[in-house]
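Visitor: Have a look; sequence and predicted model below, questions after that.
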Amino acid sequence: MFILNNLLNLNILKYLNIFNSSINIFKFLILIVVIILVIICYIYYSLSWAIIAKKLNYKYYWIAWIPIVNFFLKPILAKKNWLWGFIILIPIIIHCSFSNFFENLIFLIFYLIVIITIIVLDIIWTGKIYKRRNYASELALLKIAIIIPFTSFFGFIVDLVIISKVAWKDKDEKDNSNKKQKSLDEVDLELRKKIKNDINKNY
């Protein structure tokens, strides 16, 4: 009986070790997939912003590829002072310098104000850049979905799609004005026809 119990325990331990090994392998595979996806997204995002910067005639468009340095690209493309890029470094400095800053209420409020300011400025700068590329600046408001927990993934995908469209698809301002003029002419023609029909009915 004692030997049988020992054998059972050994078998259970054996299966537990196999199970734990399988879980570790699965976690490792997930980590690899996540790293690959992050690299792909970074390449895609950097390439899109580099193309946007190049099409807006900014000669240092390659800084879109450099981590941290690319923080200064958006204010530059939005025709703002490049020094605004330093505001994005404040949360990073806080995290690296003060590990227990969440325990200090004043510090926490300051941190939240900085984060909100960065989000607002990012939306404003992105809107101005979209406008320079002849796209609606209101498209930048969709970035708000990224900071909402339940819509963050959807917002991130939408943001990538919009950025790629702004980067690769040129939109001519003259074409937009011509389309608007054409639509106005069509409305005017319809109104003329309606007035003419009303006059004919009365007579």
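Guide: Great, that's in hand.
Visitor: hey, where'd the strands end up in the protein?
Guide: Taking DSSP state E as the criterion, the chain contains no strands.
Visitor: In it, what helix or strand scores lowest on average pLDDT?
Guide: When each helix and strand of the chain is scored by mean pLDDT, DSSP states H and E, helix 173-202 comes last, with a mean of 58.
Visitor: How many residues are close by residue 135?
Guide: As a burial measure, residue 135 scores 18 neighbours (other CB atoms under 10 Å). For glycine as for every other residue, the C-beta is placed from the backbone atoms N, C-alpha and C.
Visitor: correct me, but it touches residue 163?
Guide: No - using CB atoms under 8 Å as the test, residue 135 is too far from residue 163 to be in contact (10.4 Å).
Visitor: for this protein, what are the low-confidence residue spans?
Guide: In the predicted model, the chain carries pLDDT under 70 at residues 1-22, 98-104, 172-189, 191-203.
Visitor: what ranges do the helices span in it?
Guide: Counting by DSSP state H, the chain has these helices, from start to end: 2-55, 73-77, 89-97, 105-132, 144-147, 152-168, 173-202.
Visitor: CA atoms only for the shortest one - export them in CSV, please.
Guide: As requested, the backbone C-alpha atoms of helix 144-147 are provided in CSV (Å, rounded to 0.1, in the frame of the first residue of the first chain):
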residue,chain,number,x,y,z
ILE,A,144,-9.8,59.4,-27.4
ALA,A,145,-11.0,55.8,-27.9
ILE,A,146,-7.4,54.6,-27.2
ILE,A,147,-7.5,55.8,-23.6
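Visitor: Noted, bye for now.
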